[in-house]
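[1] Sequence first, predicted model second:
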Amino acid sequence: MTLNKVYYSGGEEIRDLTIVGGGPTGIFAAFQCGMNNITCRIIESMPQLGGQLAALYPEKHIYDVAGFHEVPAAGLVDSLWKQAERYHPEINLGEAVTRYRKLDDGSFETTTTSGKVFLSRALLLAAGLGAFTPRTLPQLGRVDHLEGMSIFYAVKNISDFAGKKVVIVGGGDSALDWAVGLLDAAEHVTLVHRMHEFQGHGKTAREVDEAKDQGVIDVYMDTEVTAVQTVEGEMKNVTLVRKNGAAIQVEADRLLILIGFKSNLGPLAEWDLELVDNALVVDSHMKTSVDGLYAAGDIAWYQGKLKIIQTGLSDAAMAVRHSLNYIRPGEKIKHTFSSVKMAKQKKNEQ
Ligand SMILES: Cc1cc2nc3c(=O)[nH]c(=O)nc-3n(C[C@H](O)[C@H](O)[C@H](O)COP(=O)(O)OP(=O)(O)OC[C@H]3O[C@@H](n4cnc5c(N)ncnc54)[C@H](O)[C@@H]3O)c2cc1C
């Protein structure tokens, strides 16, 4: 999947367009920038590109994107990236945009949670339903002091789990993948799921069942993690409560919570832009009420809007095309078909 791709990460220099969000709309907007000979960057809060397709349903198949009679969501993200990669867009992952400021010369300054500042001549919001954050277990109470030490919501480095007693929470694809994926590195793996059946992919679910039959993994279904116990700040045990109310203590020095993501427009909702149905109102040029600030995809609202991939791609093409008038004021913008542009380029390369 796209996670392993080589990206071109952020530099200091001004770009023509900053694209907030690396879902299908943002990736296709980056391709459109290349087609229109403008520079761009994507800023994405997740550790990977793909938006909802990568975070929520990578294994599901999609049937209603033109030209693909059936394509896995992760496969569509790969294809979109392949198309955009041709133009080497700058990609900044794991950075959530919180603020923007329009400077006196009409350009935009965009700031992220980590305090990074990016400059561009125009700004395109392709932020979908908002930034994704992992779902937590509220019953554990305040555990922020353990997060990144004993409690994790993603596997960034397998070494964090090497030689550890790991309890994984969840029954979807990620939980099952890591239950199997950590077997070699961890001292022991316990999988806890609050439902009666796994929701994840059949093949991985079978691998988990096999590992359970071989006694190399403990699996608790119909069970919830309700508390963690620490000794001198180090996690030692977790409490599991079964559906029948029985409580069990399990030794654990790592708790890996993989129960999905929630999305939230967060700071973008406070940017003083008109919102309808949790989306930004745009005109027929995909422009918001602020000159130079565009929106496309699920985050853009106009009469009759359909929140699907195909319309996001079309929005992206229009937003980039119309942003040219702002980025290069006064210049006569000529539309070039990709078939004509590429044919010319190939001829010149010969
Ligand atoms: C289960 C499911 C199945 C679906 N099936 C289909 C289908 O079959 N066909 C179809 O056409 N559509 C389908 N959809 C809808 C489709 O996924 C969306 O329409 C599409 O993902 C919208 O793309 P987007 O790029 O606009 O937004 P998103 O995919 O939501 O991407 C937006 C990205 O922006 C990032 N972001 C948000 N805020 C910030 C910020 N402040 N800073 C940095 N990054 C930020 C987010 O992390 C996210 O990665 C489905 C949706 C779901 C949930």
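    Ah, there it is. Numbers count the residues shown, from 1 in each chain.

[2] For the ligand, what's its nearest residue on the stretch 101-250 of the chain.
    G128 (2.0 Å; Cβ to the nearest ligand atom). Heads up, the C-betas are built off the backbone N, CA and C, glycines and all.

[3] Residues contacting the helix or strand hosting N237, please?
    If you go by DSSP states H and E, N237 is part of strand 234-242. Strand 234-242 is contacted from outside by 146, 150-151, 167, 192, 220, 222-230, 247-255, using Cβ atoms under 8 Å, 6 or more residues apart in numbering.

[4] near the ligand, which of those show up?
    Here nothing survives when the contacts of strand 234-242 are matched to the ligand using Cβ under 6 Å from any ligand atom.

[5] Buried only: go through the residues you listed for me.
    Buried members of the contacts of strand 234-242, counted by 16 or more other Cβ atoms under 10 Å: 146, 150-151, 167, 192, 220, 223-225, 227-228, 250, 252-255.

[6] among the residues you listed, which are in helices?
    In helices, defined here by DSSP state H, there are no members of the buried ones among the contacts of strand 234-242.

[7] which among those residues gets closest to A319?
    Nearest to A319, judged by Cβ to Cβ, of the buried ones among the contacts of strand 234-242 is I151 at 39.2 Å.

[8] thought the closest one was touching G141?
    No: if you go by Cβ atoms under 8 Å, I151 and G141 don't touch, sitting 11.8 Å apart.

[9] For the stretch 151-300 of the chain, just list every one of the helices.
    Counting by DSSP state H, counting those that start in this stretch, one finds helices in the stretch 151-300 of the chain at the ranges 173-181, 202-213.

[10] now for the first one, which elements pack on it?
    It refers to helix 173-181. Judged by 3 or more Cβ pairs under 8 Å, 6 or more residues apart in numbering; DSSP states H and E, the packing partners of helix 173-181 are strand 165-169, strand 188-192, helix 202-213.

[11] Adjacent strands (with direction) for the second one?
    With DSSP bridges as the test, strand 188-192 is paired with strand 165-169 (parallel), strand 217-220 (parallel).

[12] Highest mean neighbour count out of those strands?
    Among the strands paired with strand 188-192, strand 165-169 has the highest mean neighbour count (mean count of other Cβ atoms under 10 Å), at a mean of 26.

[13] List the residues that contact whichever residue of the stretch 151-300 of the chain sits closest to the ligand.
    Of the residues in the stretch 151-300 of the chain, the one nearest the ligand is G297, at a distance of 2.3 Å by Cβ to the nearest ligand atom. By Cβ under 8 Å, 6+ apart, the residues touching G297 are 21, 23-26, 126-128, 311-312, 315-316.

[14] from the helices of the stretch 151-300 of the chain, which stretch is densest packed?
    The highest average neighbour count among the helices of the stretch 151-300 of the chain, using mean count of other Cβ under 10 Å, belongs to helix 173-181 at a mean of 23.

[15] which residues touch that helix?
    Residues outside helix 173-181 that contact it (Cβ under 8 Å, 6+ apart) are 58-59, 155, 158, 168-170, 189, 191, 193, 198-201, 204-205, 207-208, 211, 217, 256, 258-259.

[16] So which bits of this structure are right by the ligand?
    Residues of the chain lying near the ligand (Cβ under 6 Å from any ligand atom): 20-26, 43-46, 51-53, 56-57, 60, 62, 64, 96-97, 126-132, 268, 297-298, 307-310, 312.

[17] Buried among those residues? Make that a ChimeraX selection.
    Selection of buried members from the residues of the chain next to the ligand for ChimeraX, criterion 16+ other Cβ under 10 Å:
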select :20,21,22,23,24,25,26,43,44,45,46,51,52,53,56,62,96,97,126,127,128,129,130,131,132,268,297,298,307,309,312
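
[18] From the residues of the chain next to the ligand, which land in helices?
    Per DSSP H, the residues of the chain next to the ligand map to helices at 24-26, 51-53, 309-310, 312.

[19] Pick out whichever of these sits closest to the ligand.
    Nearest to the ligand among these is G51, at 2.2 Å by Cβ to the nearest ligand atom.

[20] which residues sit in contact with the residue lying closest to that closest one once chain neighbours are set aside?
    Excluding the flanking residues, the one nearest G51 by Cβ to Cβ, 6 or more residues apart in numbering is G23, at 2.1 Å. By Cβ under 8 Å, 6+ apart, the contact list for G23 reads 49-53, 126, 128, 297-298, 312.

[21] Now pLDDT too, for those residues, in CSV please.
    Output for those, formatted as CSV (pLDDT from 0 to 100):
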residue, pLDDT
L49, 95
G50, 96
G51, 94
Q52, 93
L53, 93
A126, 98
G128, 96
G297, 98
D298, 97
G312, 98
